[in-house]
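Chemist: only geometry, no sequence info:
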């Protein structure tokens, strides 16, 4: 029988090594890499508010609330469905209507967020918070700036301002009483 090699990305224990030897396999250790979301990294490096740790955490919470709202909106699941697969179940609502209603409310909330943030910051906010891109990946949204560090500074500033604008809408920051 040929000896096979088993690659593993998980932590190898003596029991696993014993089972591999019993199955006539060898173990190749592969280093583990943790994939971190750039927005979460921005929180841990205090890039969201360099001089105020509390504000840094509040901005991250606003972004996390936006992620949850986007997930509830189920925008990734919108696809065309053949009409022959849709069946009526008789009287009353079809199964899943509450989820659909929650998705509609979340989509309305995302539309209000887009209006509140504005067209200059919305694509940056979506790209970084929802899609998981880094600041460098958003340089195309500010083509008027050629210098990379200036473009990164403008992108980070637009992200911070957008998060601040969404605080009340997401319910993370309470309304200010005048």
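Modeler: Good, I have the coordinates. Everything numeric here is computed off the predicted structure, so don't read it as measured data.
Chemist: got the buried residues for the helix or strand hosting residue 107?
Modeler: Secondary structure from DSSP states H and E places residue 107 in helix 97-117. For helix 97-117, a neighbour-count test (16 or more other Cβ atoms under 10 Å) marks 103, 106-107, 109-110, 113-114, 117 as buried. All C-beta spots, glycine's among them, are computed from the backbone N, C-alpha and C.
Chemist: got it, and stretch 150-158?
Modeler: Those would be 151-152, 154-156, 158, for stretch 150-158 by 16+ other Cβ under 10 Å.
Chemist: now, which of the residues you listed sits nearest residue 25?
Modeler: Of all the buried residues of stretch 150-158, residue 25 sits closest to residue 152, with 47.3 Å by Cβ to Cβ.
Chemist: before we move on, which element is that closest one in?
Modeler: When elements are assigned from DSSP H and E, residue 152 belongs to helix 148-170.
Chemist: for residue 26, same thing?
Modeler: strand 25-29.
Chemist: quick one: contacts of stretch 36-51?
Modeler: Contacting residues not belonging to stretch 36-51 are listed as 53, 55-60, 63, 128-129, 132-135, 156, 159-160, 163 [Cβ atoms under 8 Å, 6 or more residues apart in numbering].
Chemist: tell me the buried residues within these.
Modeler: Here, 16+ other Cβ under 10 Å leaves 55-56, 58-60, 63, 128-129, 133-135, 156, 159-160, 163 buried among the contacts of stretch 36-51.
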